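# here is my input; please provide its structure:
(one chain, ligands or ions: 3)
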Amino acid sequence: MIEFVLNAQNVGKDVTKILILSSKDDVSLRIENFFGKQKAKDVFSALKNRDFSPKKGKKLVLDDGSEKVILFGVADKLSDLEIQYVGAEISDLLKKDLKALIDVPQSLWAKCALMALGMELNLYSFDKYFTTKKSDDFCQLETVYFSSTLGEVKNVGFDKMRALANGVRYGRDLCNEPSNKLTPSEFGADVKRLEYLGLEVEIIPSEKLREQGFPLLYAVGQASVNPPCAVIVKWKGNKDKKDFDLALVGKGITYDAGGINLKSAPNLLGMHRDMSGAAVAVSVLKILAMTKTKVNAAAVLVLAENMPSGNAYKPQDILLSGKGISVEILNTDAEGRLALADGLWFASDKLKSKTVIDIATLTGAVAFALGEEFAGLFSNDDALASKLLKAGENSGENLWRLPLCEAFAKMLKSDVADVKHIGGKFAGSSTAAAFLQKFVKDKVKWAHLDIAGVVGRERGRPLEPKGATAFGIRLLCEFIWSLK
Ligand code: BES
Ligand code: MN
Ligand code: ZN
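Numbers count the residues shown, from 1 in each chain. Ligands and ions are numbered 1, 2, ... in the order given. Have a look, this model is predicted:
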């Protein structure tokens, strides 16, 4: 992670200087103050022939070989998310530099932490498996100084920012990890190490899954040489209360080959990230612990590898869920909803959480509907849904609400069991959600986030470089922190 230093008196040599300007600024004054009279002359003369004004989208990079300086225009008023984008864009200009000094306008004195967060998220990379590190391929940035020649930058929000950045990096690392390294037990062992933060971590091993309420998860994972497990993580930030305010249930399929309904070659790609929901859930708890958030929250991670083998579960098998509902299996590639069904019942019945949110790379159909721009939101509670939608907008991890109703539930009628686990050809995301709903205890407020379309970026975008996004961490933290 980058070291951020505020209001340093002396920053030494070889520091890239960035001046952030808005149209509210006295541009000449700020340039003279920041660069000093001598250098300011160079900057003014460069400005004469270049297209720069102190506005959003304008920037000017001057590099004479001995010193690099940047003028960066921003809007007068910026939302928290826009400030993160400013940080992201600036960080792109600094990858090859060791140190940078950023002079911010007064409107940002109290908001540098958001800029820092933007830089951290944007500069994330998953590079641990390169055996040689060519230094110029990788980001070099070590130290960023924030200051203002007109006043003082305030030390607000940096602890929260560091926890968020750390949590998102942790989540992305888990999601980027290949499936030969991150098996269900490795995942569990990694989560166990978080106990140092005050989290309680209980691992329910494969042999105990059926008796402890996870027979469907067991069935999904039974074909693999890497056995399934469930991991229960608890953060009791509010010691005055016994109950859980919130439980997150995360789909953790460390590899989804489809099982006996084996996926085709192109559809297998990306399936090491089918555990993104579980990674997001545990990362949120990590952040709650790091920030000592006053809330009681649990995460239920349902971890398994969905593989074909002589021991695999099969189409038209009938399984008894942890809740006691019998389920007719029709396609072993619809494994996520089975694993989640037991997780949802565990969270709402055993943990007795009043609110349960599951997060899962559940259906290809949601990616057809919403692309890479939105995750699908389903909920049985309008107030919960609108809070989540709002948190999505604020965090930049956007949700779009999709329908959940009796008509979809009816599509799951089976001739041989209480339910079948897939609907027909149409409304695949809604029938999946309708299936999940049957495993949520009555009166529990529940939301389901289908993140299948948004967990990986082929190209990368600001704040979300190539690879895993771990979509949902910022959204869910924002949601939790906004609860009163
Ligand atoms: N993990 C997949 C969903 C998925 C697809 C995630 C593409 C990310 C990208 C899920 O387990 C799955 O295979 N779903 C099937 C369900 C179908 C068999 C009813 C699907 O969406 O095709
Ligand atoms: Mn599948
Ligand atoms: Zn899957």
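# need the contact list for the residue in the chain that ligand 2 sits nearest to.
Residue nearest to ligand 2 within the chain: Asp333 (3.9 Å; Cβ to the ion). Placement of C-beta: from N, CA and C, glycine included. Taking Cβ atoms under 8 Å, 6 or more residues apart in numbering, we find Asp333 in contact with 256, 258-259, 261, 263, 306.
# so can I have CSV of the residues you listed showing distance to Val416 and secondary structure?
Shown next, in CSV, are those (distance: Cβ to Cβ, whole Å; DSSP: H, G, I helix; E, B strand; the rest coil):
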residue, distance to Val416, secondary structure
Asp256, 26, strand
Gly258, 23, coil
Gly259, 20, coil
Asn261, 19, coil
Lys263, 26, coil
Asn306, 23, strand
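# so what's the residue count around whichever residue of the chain sits closest to ligand 3?
For the chain, the residue closest to ligand 3 is Asp256, as judged by Cβ to the ion, at 3.7 Å. Each residue near Asp256 was counted by other Cβ atoms under 10 Å, and the total is 26.
# next, count neighbours for Arg50.
12.
# to clarify, my last question referred to Met411.
Neighbours around Met411, by other Cβ under 10 Å: 16.
# need the three-state assignment for the residue of the chain closest to ligand 2.
Following DSSP: H, G, I helix; E, B strand; the rest coil, Asp333 is assigned to coil.
# contact residues of the protein facing ligand 3?
Contact residues, the chain versus ligand 3 (Cβ under 5 Å from the ion): 253, 256, 274, 336.
# distance to Phe35, secondary structure and pLDDT added to the residues you listed, as a markdown table?
Converted to a markdown table, the residues of the chain next to ligand 3 look like this (distance: Cβ to Cβ, whole Å; DSSP: H, G, I helix; E, B strand; the rest coil; pLDDT from 0 to 100):
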| residue | distance to Phe35 | secondary structure | pLDDT |
| --- | --- | --- | --- |
| Ile253 | 54 | strand | 99 |
| Asp256 | 55 | strand | 99 |
| Asp274 | 51 | coil | 98 |
| Gly336 | 56 | helix | 98 |
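# element containing Gly252, please.
Applying DSSP states H and E as the criterion places Gly252 in strand 246-256.
# say whether ligand 1 is contacted by that strand.
Yes: with Cβ under 6 Å from any ligand atom as the threshold, strand 246-256 lies in contact with ligand 1, specifically through Asp256.
# partner residues bridging the residue of the chain closest to ligand 3?
Note on Asp256: beta-bridge partners by DSSP bridges are Asn306.
# so it is in contact with Thr332, correct?
No: the pair Asp256 / Thr332 is not scored as a contact, 10.1 Å apart, by Cβ atoms under 8 Å.
# got any residues that touch both of the two?
Asn306.
# surely Asp89 meets Pro462?
You called it Asp, but residue 89 is Glu. Yes: using Cβ under 8 Å, Glu89 and Pro462 qualify as a contacting pair, with a distance of 6.6 Å.
# end to end on stretch 313-328, go ahead and measure it.
From the first residue to the last, stretch 313-328 extends over 11 Å; the measure is Cα to Cα, to the nearest Å.
# what of stretch 190-204?
Using Cα to Cα, one end of stretch 190-204 lies 14 Å from the other.
# buried residues in that stretch?
Residues of stretch 190-204 classed as buried under the neighbour-count rule (16 or more other Cβ atoms under 10 Å) are 190-191, 194, 199, 201, 203-204.
# as JSON lines, those with secondary structure and pLDDT would be great.
Formatted as JSON lines, the entries for the buried residues of stretch 190-204 read as follows, by DSSP: H, G, I helix; E, B strand; the rest coil; pLDDT from 0 to 100:
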{"residue": "Asp190", "secondary structure": "helix", "pLDDT": "98"}
{"residue": "Val191", "secondary structure": "helix", "pLDDT": "98"}
{"residue": "Leu194", "secondary structure": "helix", "pLDDT": "98"}
{"residue": "Leu199", "secondary structure": "coil", "pLDDT": "98"}
{"residue": "Val201", "secondary structure": "strand", "pLDDT": "98"}
{"residue": "Ile203", "secondary structure": "strand", "pLDDT": "98"}
{"residue": "Ile204", "secondary structure": "strand", "pLDDT": "99"}
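# contact residues of the stretch 351-484 of the chain facing ligand 1?
Residues of the stretch 351-484 of the chain lying near ligand 1 by Cβ under 6 Å from any ligand atom: 361, 363-365, 367, 422, 428, 452.
# can you redo the residues you listed as a markdown table with neighbour count and secondary structure?
Output for those, formatted as a markdown table (neighbours: other Cβ atoms under 10 Å; DSSP: H, G, I helix; E, B strand; the rest coil):
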| residue | neighbour count | secondary structure |
| --- | --- | --- |
| Thr361 | 31 | coil |
| Thr363 | 24 | coil |
| Gly364 | 13 | helix |
| Ala365 | 21 | helix |
| Ala367 | 19 | helix |
| Ile422 | 20 | coil |
| Gly428 | 20 | helix |
| Ala452 | 27 | coil |
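# so who does the residue nearest to Gly371 when sequence neighbours are not counted touch?
The shortest distance from Gly371 to any residue that is not its chain neighbour, by Cβ to Cβ, 6 or more residues apart in numbering, is 5.9 Å, and that residue is Gly453. Gly453 sits next to 366-367, 370-372, 374-376 when contact means Cβ under 8 Å, 6+ apart.
# now the helices: where do they sit in the stretch 301-450 of the chain?
Remark: helices assigned in the stretch 301-450 of the chain by DSSP state H, counting those that start in this stretch are 336-345, 364-370, 382-395, 406-410, 428-437.
# which of those sits most buried?
Of those, the one with the most neighbours on average (mean count of other Cβ atoms under 10 Å) is helix 336-345, at a mean of 29.
# that one near ligand 1 at all?
Yes: part of helix 336-345 sits close enough to ligand 1 to count as contact by Cβ under 6 Å from any ligand atom, namely Gly336.
# same for that helix, what does it pack against?
Using 3 or more Cβ pairs under 8 Å, 6 or more residues apart in numbering; DSSP states H and E as the contact criterion, the elements in contact with helix 336-345 are helix 215-221, strand 246-256, strand 296-306, strand 355-360, helix 428-437.
# sort out which residues of the third one are buried, please.
For strand 296-306, the buried set under the neighbour-count rule, 16+ other Cβ under 10 Å, comprises 296-306.
# could you export the residues you listed as a markdown table, including distance to Thr355 and pLDDT?
Written out in a markdown table, the entries for the buried residues of strand 296-306 read as follows (distance: Cβ to Cβ, whole Å; pLDDT from 0 to 100):
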| residue | distance to Thr355 | pLDDT |
| --- | --- | --- |
| Asn296 | 11 | 98 |
| Ala297 | 10 | 98 |
| Ala298 | 11 | 98 |
| Ala299 | 13 | 99 |
| Val300 | 13 | 99 |
| Leu301 | 18 | 99 |
| Val302 | 18 | 99 |
| Leu303 | 23 | 99 |
| Ala304 | 25 | 99 |
| Glu305 | 30 | 98 |
| Asn306 | 28 | 99 |
